[in-house]
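Q: A predicted structure for the sequence below; I have some questions about it.
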Amino acid sequence: MAKTQLNVRVDEETAETARERALQRGMSVNRYIEELVQRDAGEVGHTFVDAAADFMKSYESVFAEEFGARESEGRSGR
């Protein structure tokens, strides 16, 4: 995959933390930041799915009442 350069400005404490964490993991700061961003982007999808599951659970009885009745009506007509 082609790489592009991205310049960011952070305070010195954040920069030092990034350097230390990257060193602890045996990787460059560039790779460390890249992995953080990729992980964060992936979590968005998981967060959405978790929220959707919570929503469905919260309204399970409403869905069952609305759609379950229609489904059983369709089956009894066969």
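A: That came through, no problem. Numbering: from 1, shown residues only.
Q: what about Phe67, which SS state?
A: helix (DSSP: H, G, I helix; E, B strand; the rest coil).
Q: Could you point out the longest helix of this protein?
A: helix 29-58 (DSSP state H).
Q: ok, Ala18 - contacts?
A: Counting by Cβ atoms under 8 Å, 6 or more residues apart in numbering, Ala18 touches Val10, Val29, Tyr32, Ile33. The way it works is simple: take the backbone N, C-alpha and C, and place the C-beta from them, glycine included.
Q: mind redoing it with 6 Å?
A: Ala18 is in contact with Val29, counting by Cβ atoms under 6 Å, 6 or more residues apart in numbering.
Q: does it sit in a helix or strand, and which one?
A: Using DSSP states H and E, Ala18 falls within helix 12-25.
Q: so that helix versus helix 29-58, what angle?
A: 90 degrees (axes from the mean of the first three to the mean of the last three Cα atoms, to 10 degrees).
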